[in-house]
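> can you look at this prediction? I've put the sequence above it.
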Amino acid sequence: MTLQLLLFLVLALVAIASALGMLISRNAIYSALFLVVNFATVALFFLLLNAPFIAVAQVSVYTGAIMVLFLFVIMLLGAERAGQIQAIQWQRPLAVALAVILLLEAGYILLGQRGVMPLVTTQLPDGFGSPAQVGIDLFRSYMLPFEVTSVLLLVAMIGAIVLTKGEKK
C-alpha cells in the first residue's frame, strides 16, 4: 500500500465522518463547522490530484468566504430557532428516495460497464490544475454550470432566511 493511497483512505474517512457529523448534529453552528472540516478535506483531495490552484480556491472561497457568510446568517437569524421549524410531511421520504438514487448512481459508476475503476490513474497532461488551464476551462466549457451553481447557492441562502424569519408583530 502506497503512502498516497493510505493518505487518501484516511482523508476519505475524515470526509465521511465530517459529512455525517454535519447531517446528524442538532446544533446549526456545529453543523457548519463540520462542513468546514469537510471542505478542508476536499481541498486536500485536490492536492492529492495534483491540482494546487483548485485546492487553494476551495479553501479560500468555500471554507473562507462562503462558510463565514453561512455562519453569519445562522448567528444573525438565531440558530436556536432552527429546531422549531416543522418538516414538510413528504420531505423525509423524498430525501430517502434521493439518497437511494444517489447510491445506485455511484454504484453504477464505480462498478458499471467497465468493471471496477482502477485506483492508479494515467499520467496527467501538462498544465493540469494550473491557473491558466483552470481559467480557460472555466470560461470556455463550464461557464453555464458555474453561473447555475452561484444562483443555486443564492436561492438556498434566501430559502434559509425565509424559513427562519419570524413574523413581525
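Yes, it's here. All values derive from a computational prediction rather than experimental measurement.

> C-alpha only now, for contacts and for neighbours.
OK.

> how close does the closest residue to Phe128 other than its chain neighbours get to Phe45?
Excluding the flanking residues, the one nearest Phe128 by Cα to Cα, 6 or more residues apart in numbering is Ala51, at 6.8 Å. Computed as Cα to Cα, to the nearest Å, the Ala51 to Phe45 distance reads 9 Å.

> care to break this protein down by domain?
Split into domains by automatic domain parsing, the chain comes to 3-84+126-164, 85-116.

> could you list the low-pLDDT ranges of the protein?
Low-confidence segments of the chain, defined by pLDDT under 70, are located at 78-87, 113-122, 166-169.

> all helices of it, in order?
In the chain, helices defined by DSSP state H lie at 3-24, 28-48, 52-57, 67-77, 91-111, 131-140, 143-164, listed in chain order.

> distance of the residue nearest in space to the middle of the chain from Val14?
When Cα atoms, centre = their mean is applied to the chain, the residue found nearest the centroid is Phe39 (6.5 Å). Phe39 sits 11 Å away from Val14 when distances are taken as Cα to Cα.

> one more: Arg140?
From Arg140 across to Val14, the span is 34 Å (Cα to Cα).

> for those two, indicate the residue with more neighbours.
Using other Cα atoms under 10 Å, the more surrounded residue of Arg140 and Val14 is Val14, with 16 against 10.

> list the contacts of that one.
With contacts defined as Cα atoms under 8 Å, 6 or more residues apart in numbering, the neighbours of Val14 are Asn38, Thr41.

> and if we set it to 10 Å?
With contact set as Cα atoms under 10 Å, 6 or more residues apart in numbering, Val14 has these partners: Phe8, Leu20, Val37, Asn38, Thr41, Val42.

> done for today, thanks.
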